[in-house]
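**Student:** Any chance you could fold what I've pasted below:
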Amino acid sequence: MLSVQVLGPIGADIDGAPVHLGSPRQRAVLALLLANRGRVVPVDRLIDRLWRGRPPQKAAASLHVYVSNLRRALEPGRAPRTPAGVLVSVAPGYAVRLPEDAVDAWRFEAAVRRARTAPPAEARHLLEEAIGWWHGAAYGEWADEEWAVTEAARLGDLHLAARELAIGAALASGTPAEAVPAAEALVREHPLREEGWRLLALAHWACSRRADALAALRRATAVLRAELG
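**Tutor:** Here you go, the predicted model:
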C-alpha cells in the first residue's frame, strides 16, 4: 500500500519500504500536485510554479521526465504502457489520485473532523495519534513557495487547533493534570492564541490550583497587552 507524507519532509513508502522520489524539483512536482488535493494542474502552471516564472527552454521535456520517474517510483508494479493510477494525465495537465488515508495531511484532516464530534476519550485518542503524524512544517522545504504557502498555512492552523482540541478532550475526559503541560507548551510557542491561555487556566482550575489559574490569566493579559496594546 502506498503512503505519502507531507506533514514535514516530503516522503513516501510502499508497505513500509521507503520510496526514492528523486531530485528536489522532481519531489516538488509531487508536492505541488498533492497541494492541489486531486485537482488537475495544467502543464503551463506546473512549469511556471516549478521554475518560479523563469522556466528553461526545455522545461516541458524536463517535467515529462519527472512525471515518468515519479510514476515508476509510486507504482513499481505497473505493467509497461498501461495507464498510471496515481499520477494521472488529465487534459490539460496532471493530477494525483489517491484515497484519503494514503496521504498523511488528508488523513489528519479527517481525524480532526471525527474528533470534533466524538466522545472526549475517543477524541483524545484520535487527536493524539493524528498530532503524532507531524514531523515538521507541512510541505517541508517548499512550505514558503507560492504554490504551497496557503495550503501549508492552513494545515499549520489546523495543527494548532488539533492541539487545542486535544487539551480540551483531556479536560473533558477527567485528566486535567496531563492537560497542564500541553497547554503550557502551547502558550509558550503561540502566546497570542487566546484559546491556549483559556485552556491553561481551566486545566489549573480543574487540578484545584486556583492561584495558578489566576496567574495564567494575568500572564495572558500581560502578554496580549505588551504585544497588541
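
**Student:** Could you measure from Cys207 over to Ser173?
**Tutor:** Per C-beta to C-beta, to the nearest Å, Cys207 is found 14 Å from Ser173. Backbone N, C-alpha and C define where each C-beta goes, glycine included.

**Student:** sorry, that was for Arg193
**Tutor:** 22 Å.

**Student:** Give me the helices and strands touching the longest helix anywhere in the chain, please.
**Tutor:** Across the chain, the longest stretch assigned as helix under DSSP state H is helix 149-172. Applying 3 or more C-beta pairs under 8 Å, 6 or more residues apart in numbering; DSSP states H and E, we find helix 149-172 packed against helix 104-117, helix 120-131, helix 176-189, helix 194-206.

**Student:** which phi and psi does the residue lying closest to Arg45 once chain neighbours are set aside have?
**Tutor:** Residue nearest to Arg45 in three dimensions, not counting chain neighbours: Gly93, with 7.0 Å by C-beta to C-beta, 6 or more residues apart in numbering. Backbone torsions of Gly93, given as degrees, to the nearest 10, read phi -160, psi -130.

**Student:** which residues touch Gly93?
**Tutor:** 40-46 (C-beta atoms under 8 Å, 6 or more residues apart in numbering).

**Student:** Pull out the buried members of the residues you listed.
**Tutor:** 40-41, 43, 46 (16 or more other C-beta atoms under 10 Å).

**Student:** since we're on Gln66, how many residues are nearby?
**Tutor:** Careful, residue 66 is Tyr; it's not Gln. Each residue near Tyr66 was counted by other C-beta atoms under 10 Å, and the total is 22.

**Student:** From what I see, it and Ala31 are in contact.
**Tutor:** No. Using C-beta atoms under 8 Å, Tyr66 is not in contact with Ala31; the gap is 11.6 Å.

**Student:** quick revisit: including mean neighbour count, could the helices and strands packed on helix 149-172 go into TSV?
**Tutor:** Written out in TSV, the entries for the helices and strands packed on helix 149-172 read as follows (neighbours: other C-beta atoms under 10 Å):
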stretch	mean neighbour count
helix 104-117	18
helix 120-131	19
helix 176-189	18
helix 194-206	21
